[in-house]
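J.: take a look and give me a structure for this.
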Amino acid sequence: MKKIFILLLLALAVVSCSKKSDSTSEFSNNIRLGTGFTSNYMDLVGVGTSFPVESSIYFRLESADDMGGSAVRIKIDKQDGTPYASNDYANPQSYGHILLSTFSIPTAGSYKATGILVTGLKTVSSINFTVY
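T.: Numbers count the residues shown, from 1 in each chain. Next up is the predicted model:
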C-alpha cells in the first residue's frame, strides 16, 4: 500500500511539472503561403514561395500572442524594399492566434509579405516569395 501511495505521489508531481505556464504558447510568430486551404480551413495546401502571376496566394498568419480580434495587415514590398501593396483583413473573431485569407499579385517579380496586427501595429512575421 505504501508503494502505491508513493507511485501515485510521483505521478501527480510529473503531471503538475509538465503543465505549461501562462507565459508559454503552443503558437509561434510565422507566416506561410500556399495554393489553397485544407478542407477544415485551418491550414494551407501547396505551401511554398513561388506562385504564378494572378493566382490566388493563400496565407496563414500565426501569432504567438492572442490576436484579440485585431485586423491583420499584409504589407507587400518588392525585394528591393519598394512598397508594393498593403491590405487589411478583418478578423472574424475576438480571440485566436491564426488568420487565413488570400491575395493576388498581377505582376511577376520577387516580393516580401509582412503580417502585421493592426491593433498596436505589431509586426508578426515576414516571408520572401516569387511570382512568375
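J.: so who does residue 104 touch?
T.: 54-57 (CB atoms under 8 Å, 6 or more residues apart in numbering). From N, CA and C alone the C-beta is placed, and that goes for glycine too.
J.: can you check the pLDDT for it?
T.: Listed pLDDT for residue 104 reads 96.
J.: tabulate the contacts of residue 104 (a markdown table), appending neighbour count.
T.: Output for the contacts of residue 104, formatted as a markdown table (neighbours: other CB atoms under 10 Å):
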| residue | neighbour count |
| --- | --- |
| 54 | 12 |
| 55 | 13 |
| 56 | 12 |
| 57 | 23 |
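J.: dump these to a markdown table, plus pLDDT, distance to residue 68 and secondary structure.
T.: Formatted as a markdown table, those follow (pLDDT from 0 to 100; distance: CB to CB, whole Å; DSSP: H, G, I helix; E, B strand; the rest coil):
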| residue | pLDDT | distance to residue 68 | secondary structure |
| --- | --- | --- | --- |
| 54 | 94 | 34 | coil |
| 55 | 96 | 32 | coil |
| 56 | 97 | 28 | strand |
| 57 | 98 | 26 | strand |
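J.: just those now: which is nearest residue 124?
T.: residue 57 (17.2 Å; CB to CB).
J.: across the sheet, point out what pairs with the residue lying closest to the closest one once chain neighbours are set aside.
T.: The shortest distance from residue 57 to any non-neighbouring residue, by CB to CB, 6 or more residues apart in numbering, is to residue 51 (5.1 Å). Note on residue 51: beta-bridge partners residue 131, judged by DSSP bridges.
J.: ok, now which ones touch residue 110?
T.: 78-79, 128-130.
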